[in-house]
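>>> give me the fold of what follows.
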Amino acid sequence: MALTNSQYEQIMHTYEQHRLENEYRRRRRYADIEIKIPQIKELDNEISSLSLQQARRLLEGDESALDTLKKKIHALSQKKLALLRENGYPSDYLELHYTCPDCQDTGYIGDRKCHCFKKAVIDLLYTRSNLQEVLDRENFDTFSMEYYSNSHIDRLTGRSSREAIEIALKSCREFIDTFGTEFRNLLLYGDTGVGKTFLSHCIAKELLEQSFSVIYFTAAQLFDIFAKSTFRREEEAGADCDHIYSCDLLIIDDLGTEMSNSFTNSQLFICLNERILRKKSTLISTNLSLEDLKNIYSERVFSRITSAYTVLRLTGDDIRIQKKLMNRVQ
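Coordinates of the predicted model:
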């Protein structure tokens, strides 16, 4: 997720385009007002003249006249606003309307990156990774309950696969609805091919549309970044780690498919623990059982997950196989 120079320039160019477009719109509004309310231009000319006088007096050291000039300018400005309102226009009609009022379309608030810059980075990276196309296909609108049977009973919970997915969907909706106000984490585990990754994509799309920063990695991709940062000291990977720790939602998909060792175990603990400390939500999906999670990733990792995560078990027949069988029948 570290930006190359060209990617950074692409984002900053977008800000420049916003500024130019918004200034163009402001000038169009002013030109429209000049025709419909000509007194506005007269008032602006008078304000400009008084402002020039104010500057000259200040340079000449005559501070006594400044208060009077300020009052006159204020009175003219109020008259201008009154004219706008009388003619059915909002008070800020002639002002510059920013796409992001917080940073005024610069991307920065002081020397700190604005939240809109953070969102622009995530959007750019998702476009680069082609995940946006996946989210267009896999979301709540395209989610189907037809693959979850009432007759398939989970021996562990005694629930049918339909009951399990209904519980999971309710929890996922609550996770989305309270995101940003309540700190929550999710663990989706269970049988292969029952929609865990699909549900992760559903949540990602909903939160991205609410302007939260969401980053998705398979477990293998995640640990590869940690390895590059730790062993090769790659600057880009180090920046990636910062994004991993700070994004609003981190999705770790297919935990357990990576090559597990002491390094991956320790890095997983550091990642999960750091995000818990920062109150940043994490969603994990895995085909592993809870017992396998405990045995593979140590008691520390298992404790973090069971104490800080809502654990949702999904069961049923592999949906991909069901789809293939249905296609053959058709």
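>>> helices and strands around the helix or strand hosting Leu188, which ones?
Assessed by DSSP states H and E, Leu188 sits inside strand 186-190. Packing contacts for strand 186-190, counted by 3 or more CB pairs under 8 Å, 6 or more residues apart in numbering; DSSP states H and E, involve helix 161-177, helix 196-209, strand 281-286, helix 290-308, strand 310-314. C-betas here are computed from N, CA, C, even on glycine.
>>> Leu250 - that's part of a helix, no?
No: assessed with DSSP: H, G, I helix; E, B strand; the rest coil, Leu250 is strand; it does not lie in a helix.
>>> quick one: it from Cys103, how far?
25 Å (CB to CB, to the nearest Å).
>>> neighbour count: those two, which is higher?
Leu250 (24 against 19; other CB atoms under 10 Å).
>>> tell me the contacts of Leu290?
Contact analysis of Leu290 by CB atoms under 8 Å, 6 or more residues apart in numbering lists 189, 302, 306, 311.
>>> could you rerun that using 10 Å?
Applying CB atoms under 10 Å, 6 or more residues apart in numbering, we find Leu290 in contact with 156, 187, 189, 302, 305-306, 311, 313.
>>> any buried residues in stretch 252-264, and which?
Buried residues in stretch 252-264, counted by 16 or more other CB atoms under 10 Å: 252-256, 258, 264.
>>> what is the end-to-end distance of that stretch?
With CA to CA, to the nearest Å as the measure, stretch 252-264 spans 13 Å from end to end.
>>> mind starting the numbering at 19 from now?
From this message on, residue numbering opens at 19, which makes the last subject stretch 270-282.
>>> who's in contact with Ala93?
Ile65.
>>> averaged pLDDT, the helix or strand hosting it. What do you get?
Ala93 belongs to helix 84-104 when assigned by DSSP H and E. Average pLDDT, helix 84-104: 86.
>>> next helix or strand past it?
strand 126-127.
>>> which of the helices and strands packed on strand 204-208 sits most buried?
Per residue and on average, the most neighbours among the helices and strands packed on strand 204-208 fall to strand 299-304, with a mean of 25 (mean count of other CB atoms under 10 Å).
>>> that strand pairs with which strands, parallel or anti?
strand 204-208 (parallel), strand 267-273 (parallel) (DSSP bridges).
>>> max-length helix in the protein?
Taking DSSP state H as the criterion, the chain has its longest helix at helix 23-54.
>>> and the angle from that helix to helix 84-104?
Inter-element angle recorded for helix 23-54 and helix 84-104: 80 degrees (by axes from the mean of the first three to the mean of the last three CA atoms, to 10 degrees).
>>> the inter-axis angle of the next helix or strand after helix 23-54 versus helix 23-54?
Note on helix 23-54: by DSSP H and E, the next helix or strand toward the C-terminus is helix 57-77. Angle of helix 57-77 versus helix 23-54, following the same axes, to 10 degrees, is 110 degrees.
>>> show me the domain layout of this structure.
Domain assignment of the chain by automatic domain parsing yields the ranges 23-127, 148-347.
>>> so who does the nearest residue to Gln72 once chain neighbours are set aside touch?
Leaving aside its sequence neighbours, Gln72 sits nearest to Leu87 (CB to CB, 6 or more residues apart in numbering; 4.5 Å). Going by CB under 10 Å, 6+ apart, Leu87 touches 68-69, 71-73, 75-76.
>>> same deal with Tyr165?
179-180, 183, 211-213, 334-338, 340-341, 344.
>>> distance of it relative to Arg180?
10 Å.
>>> shared neighbours of the two, anything?
Gly334.
>>> count the neighbours of Gln72 for me.
18.
>>> that one contacts Ile91, doesn't it?
Yes: when contacts are counted by CB atoms under 10 Å, Gln72 is listed as touching Ile91 (7.4 Å).
>>> any low-confidence regions in this structure?
19-22, 81-83, 146-148, 250-257, 342-348 (pLDDT under 70).
>>> about what we covered before: for the longest helix of the chain, buried residues please.
25, 29, 32-33, 36-37, 40, 47, 51.
>>> so what's Ser169 up against?
So Ser169 contacts 178-180 (CB under 10 Å, 6+ apart).
>>> for Thr236, see how far away Thr145 is.
19 Å.
>>> looking at the two, which has the bigger crowd around it?
Between Thr145 and Thr236, counted using other CB under 10 Å, the more crowded position is Thr236 (17 against 11).
>>> sorry, back to before: out of the buried residues of helix 23-54, who's nearest Asp260?
Minimum distance to Asp260 across the buried residues of helix 23-54 is 15.6 Å, recorded for Gln25 (CB to CB).
>>> what about the spatially closest residue to that closest one that is not a sequence neighbour, how many neighbours?
Nearest non-adjacent residue to Gln25, counting by CB to CB, 6+ apart: Leu142, 6.0 Å away. Counted with other CB under 10 Å, the neighbours of Leu142 add up to 17.
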